[in-house]
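Student: Requesting a structural model of the entry that follows:
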Amino acid sequence: MTQVCFKIYHNPRCSKSRKVLEILNSKTKNFKIIKYLEDKIDIIELKSILNLNKISKDKIIRTNETSYKELKLSKKDLSKDEIINYIVKFPILLQRPLICKYQNNKLVESVIGRPPETILILFD
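Tutor: Residues are numbered from 1 along each chain as shown. Below you'll find the model as predicted:
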C-alpha cells in the first residue's frame, strides 16, 4: 500500500500560503506544516526539491524581497547550490508556499502554490 503525505513550507502572514493550507486541509489531513521562517530549512531537502527539476532555481527564490535586492542577487548568475545557500541563510527568500508530495517517505513532486489552485495537480 502506497503511503502519501505532504509538506507545506508555510508563512502564516502570506495570503497565498494561507489559501494553499485551506486547500490542502480540504484534500487531506496527512501533511506537515514547516514554518520555514521559524524553523531551519533542511538544505538536503531543498536540494532534493530542486533536483526533481519541476521547480527551476530561478522560481524557488523570491526576487521581490528586500534582502534579494540588498544582496544584489539579480546581478549574479547563481548556481543551484548558491541559491540554496542564500535561501538557507535568508529563509525569507524561499518562494512560498512550497508544497512537497511524498510517497513512502520519498519526495516525488513539488509545486509552488502560485496561484493556490496549482497544488491540485498533486492530487491527480
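
Student: Can you give me the buried ones in stretch 1-14?
Tutor: Neighbour-count burial for stretch 1-14 flags Phe6, Lys7, Ile8, Tyr9, His10, Asn11 (criterion: 16 or more other C-beta atoms under 10 Å). In short, each C-beta sits where N, CA and C put it, glycine included.

Student: what's the helix or strand hosting Cys100 in contact with?
Tutor: Assigned by DSSP states H and E, Cys100 belongs to strand 98-103. For strand 98-103, contacts defined as C-beta atoms under 8 Å, 6 or more residues apart in numbering pick out 2-9, 20, 24, 45, 49, 55, 60, 107-113, 119, 122.

Student: give me the beta-bridge partners of the residue most central in space within the chain?
Tutor: The chain has Leu98 as the residue nearest its centroid, 2.6 Å off, counting by C-alpha atoms, centre = their mean. Beta-bridge partners recorded for Leu98 (DSSP bridges): Tyr9, Ile112.

Student: Kindly provide the distance from it to Pro91.
Tutor: Leu98 sits at a distance of 11 Å from Pro91 (criterion: C-beta to C-beta, to the nearest Å).

Student: Thr2 now?
Tutor: Thr2 is 31 Å from Pro91, by C-beta to C-beta.

Student: how about the helices in the protein?
Tutor: Applying DSSP state H to the chain gives helices spanning 15-27, 43-51, 66-70, 80-89.

Student: Show me what the helix or strand bottoming out on mean pLDDT in the chain is in contact with.
Tutor: Taking mean pLDDT, DSSP states H and E as the measure, helix 43-51 is the helix or strand of the chain with the lowest mean score, a mean of 93. Helix 43-51 has contacts (C-beta under 8 Å, 6+ apart) with 55, 57, 60, 80-81, 83-85, 87-88, 98, 100, 107, 110.

Student: and it, how far from the chain's centre?
Tutor: 10 Å (C-alpha atoms, centre = their mean, to the nearest Å).
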